[in-house]
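[1] Sequence first, predicted coordinates after that:
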Amino acid sequence: MSDESGGESATAASAAFRASVAMVSTVDGSCRAVVEVTDAIRAGVVSIPHGFGTANVNEMITTAGADPLSGMTIVSGLPVEVGPAVAP
């Protein structure tokens, strides 16, 4: 099944990846996350809810770029790579 751009739609891709575990990585670290492909968010976007399941986004960020006033770390808009997870 293709979307308007000729690529595979999220609905078609979902069957192949549903409940798969992926490794999501940034330059600062990585975490394992269960995959759910959806048309509800823009293609190419990865969304990992904080405190949901075993995906610990804290393992993917650093405090080096934290806001000096609040101490809040940058947790959105980070470039990531997604690949198959290696068995723990």
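    Done, it's in.

[2] What helix or strand is the spatially most central residue of the chain located in?
    Closest residue to the average C-alpha location of the chain: Val46 at 3.8 Å, with Cα atoms, centre = their mean. Under DSSP states H and E, no helix or strand contains Val46.

[3] Verify the stated contact: it with Pro79.
    No - with contact defined as Cβ atoms under 8 Å, Val46 does not reach Pro79; the gap is 9.7 Å. (Glycine included, C-beta is placed from N, CA and C.)

[4] who touches the residue nearest to the centre of the chain in this structure?
    24, 80, 82 (Cβ atoms under 8 Å, 6 or more residues apart in numbering).

[5] where's it relative to Asp67, distance?
    23 Å (Cβ to Cβ, to the nearest Å).

[6] Then Leu78?
    Leu78 is 15 Å from Asp67, by Cβ to Cβ.

[7] who has more neighbours, these two?
    Leu78 (14 against 9; other Cβ atoms under 10 Å).

[8] so who does the closest residue to that one other than its chain neighbours touch?
    With Cβ to Cβ, 6 or more residues apart in numbering as the criterion, Leu78 has its nearest non-adjacent residue at 5.2 Å, and that residue is Thr26. Thr26 sits next to 60-61, 78-80 when contact means Cβ under 8 Å, 6+ apart.

[9] quick one: Glu59 and Ala33 touch, right?
    No - contact criterion Cβ under 8 Å: Glu59 and Ala33 do not qualify, at 10.6 Å.

[10] For the two, indicate the residue with more neighbours.
    It is Ala33, of Glu59 and Ala33, that has more neighbours when counted by other Cβ under 10 Å, with 24 against 14.

[11] From the centre of the chain, give me the residue that's furthest out.
    Distance to centre of the chain, Cα atoms, centre = their mean, peaks at Leu69 (27.7 Å).

[12] so that one, which of the three states?
    Judged by DSSP: H, G, I helix; E, B strand; the rest coil, the three-state class of Leu69 is coil.

[13] List the residues that contact it.
    By Cβ under 8 Å, 6+ apart, Leu69 lies in contact with nothing.
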